[in-house]
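>>> Here you go, sequence then predicted model.
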Amino acid sequence: MLKGKTVAFIGAGSMAEAMIAGAIQAEKLPSNQIIVTNNSNNDRLQELANKYEVRTLQKELLPYKEIDLFILAMKPKGAREAFRSLKDKLNLNQVVISVLAGITTTFMEDHLQEGQQVIRVMPNTSSMVQQSATALTSGQHTKPENIEAVKELLQCLGKVFVIEEEQMDLFTGIAGSGPAYFYYLMEHMESVGLQYGMPKELIREIVSQTVYGAAKMVMEKGTSPTILKENVTSPNGTTASGLKALADYNGGEAISQAIKHAASRSKQISAELGGAKLNS
Ligand SMILES: NC(=O)C1=CN([C@@H]2O[C@H](COP(=O)(O)OP(=O)(O)OC[C@H]3O[C@@H](n4cnc5c(N)ncnc54)[C@H](O)[C@@H]3O)[C@@H](O)[C@H]2O)C=CC1
Ligand SMILES: O=C(O)[C@@H]1CCC=N1
C-alpha cells in the first residue's frame, strides 16, 4: 500500500524527525520517497538531509502534484496558515495527515477542499526507536486503502490503535504526552541515585532497565499491573514502604491529574482554534 508513495512532512521538528527515523529504520519507506519542509530554518533542513538522506525543500518549492501523503507536523498555532496554504494546491486523491494535538478531522475538513481525505494521528517520540503507541482516526471522505497505507506507515513506528475521534484527547494525554511522564519519573529516580553517590551512567542504565523490564512484564506476561505490583511487594518489606510513601505523597493522584490536564489541554487547543466544543 505504501509502495511508491511520496510522503511530505510539513514541519521539521522533533516529531517529524522521530517519524522519519522510524520509517527509514523499518525499511518501509525509502529516504528518496520522503520530502521535508519547514517554515524557514534551512539549517534544520540541511541537518535532516545529512542525517537521513531525505529530500528537503523550501515550502514554495514543494512538488505538490508528486506527493501522495502530506504529514502536517508543525505546532497547532500554525495550523490555520498551513491549511490555508495547502487548500488550493491539492487534488482529492491526496491525503492530509495531521499529528497536531487538538486538531480534529472536522477542523481539517473544514479548512481544506470539500471531499479532501484527512487522517488525524497521535504518535509519540518513541517513533524514533519504532516503539510509539500511535492512534489513528480518519475523516469522512478517506478511502479505506489510504487508511491502510497510513496504518502501514505508522506501523513502522510502533503499535497503531484505530480509535474513535472522541478518545483522541484522552489518548493524547496518556500516550502522546506519556513518554514525558516516564522521563520525569526517571529524572527523579536518577537524581536520588546521584544524591547518594552513584555514577550518572550507572544509575541511568539501572533506571532505564527497571522501567523497560516493568513494561515488558506487562506486555509479555498478560498480567495486570496491580498483580505485578503485588508480586514485587513482600509483607513489611522495602516495596511496601516505598508504595506507602507514594500514596502518602499522592503519587497516584498526581499521575491521574497529569493525564487529565494534558487531555483537557488537547480539547482546549481545539476550542481555541474553533474546531471542537470544550465540554469538560
Ligand atoms: N513532540 C511530541 O512528542 C509530539 C508532538 N506532536 C505534535 O507534533 C507537532 C510538532 O511538534 P514538535 O515536532 O515537537 O514541534 P517543533 O517545534 O519541534 O517543530 C515544529 C516544526 O514546524 C515548522 N513549522 C511551523 N509552522 C510551519 C508552517 N506553517 N509550515 C511549515 N513548517 C512549519 C517549524 O519550522 C518546525 O520545524 C505539534 O503539533 C504537536 O502537537 C504529536 C505527538 C507527539
Ligand atoms: O506537548 C504537546 O503538545 C505534544 C502533543 C503530545 C506530545 N507533545
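In hand now; what should we look at? Ligands and ions are numbered 1, 2, ... in the order given.
>>> So out of everything in the stretch 1-150 of the chain, what residue is nearest ligand 2?
Ala101 (3.8 Å; C-beta to the nearest ligand atom). Where you see a C-beta, it was placed from the backbone N, CA and C, and this is true even at glycine.
>>> pLDDT score assigned to that residue?
The model reports Ala101 with a pLDDT of 96.
>>> The one 3 residues further on too?
Reading off the confidence values, Thr104 has pLDDT 96.
>>> ok, it touching Ser270?
Yes. Using C-beta atoms under 8 Å, Thr104 is in contact with Ser270, at 5.6 Å.
>>> Lys3: neighbouring residues, count only.
9 (other C-beta atoms under 10 Å).
>>> secondary structure class for it?
coil (DSSP: H, G, I helix; E, B strand; the rest coil).
>>> Now do it against Gln167, distance only.
As judged by C-beta to C-beta, to the nearest Å, Lys3 and Gln167 stand 31 Å apart.
>>> who's in contact with whatever residue of the chain ends up closest to ligand 2?
In the chain, the residue that lies nearest ligand 2 is Gly176 (3.3 Å; C-beta to the nearest ligand atom). Contact analysis of Gly176 by C-beta atoms under 8 Å, 6 or more residues apart in numbering lists Ala101, Met122, Pro123, Asn124, Ala262, Ser266.
>>> now these: which count as buried?
Ala101, Met122, Pro123, Asn124, Ala262, Ser266 (16 or more other C-beta atoms under 10 Å).
>>> biggest separation within those residues, which pair?
The most widely separated members of these, counting by C-beta to C-beta, are Pro123 and Ala262 (15.0 Å).
>>> So Lys75 is in contact with Ser98, correct?
No. With contacts counted by C-beta under 8 Å, Lys75 stays clear of Ser98, the gap being 11.7 Å.
>>> Now do the same for Lys277: its pLDDT.
So, for Lys277, pLDDT stands at 43.
>>> same check, this time on Lys3
Here the pLDDT value assigned to Lys3 is 84.
>>> from now on call the first residue 838
Fine by me, first position is 838 from now on; the one you just mentioned is Lys840.
>>> where does Glu864 land on pLDDT?
89.
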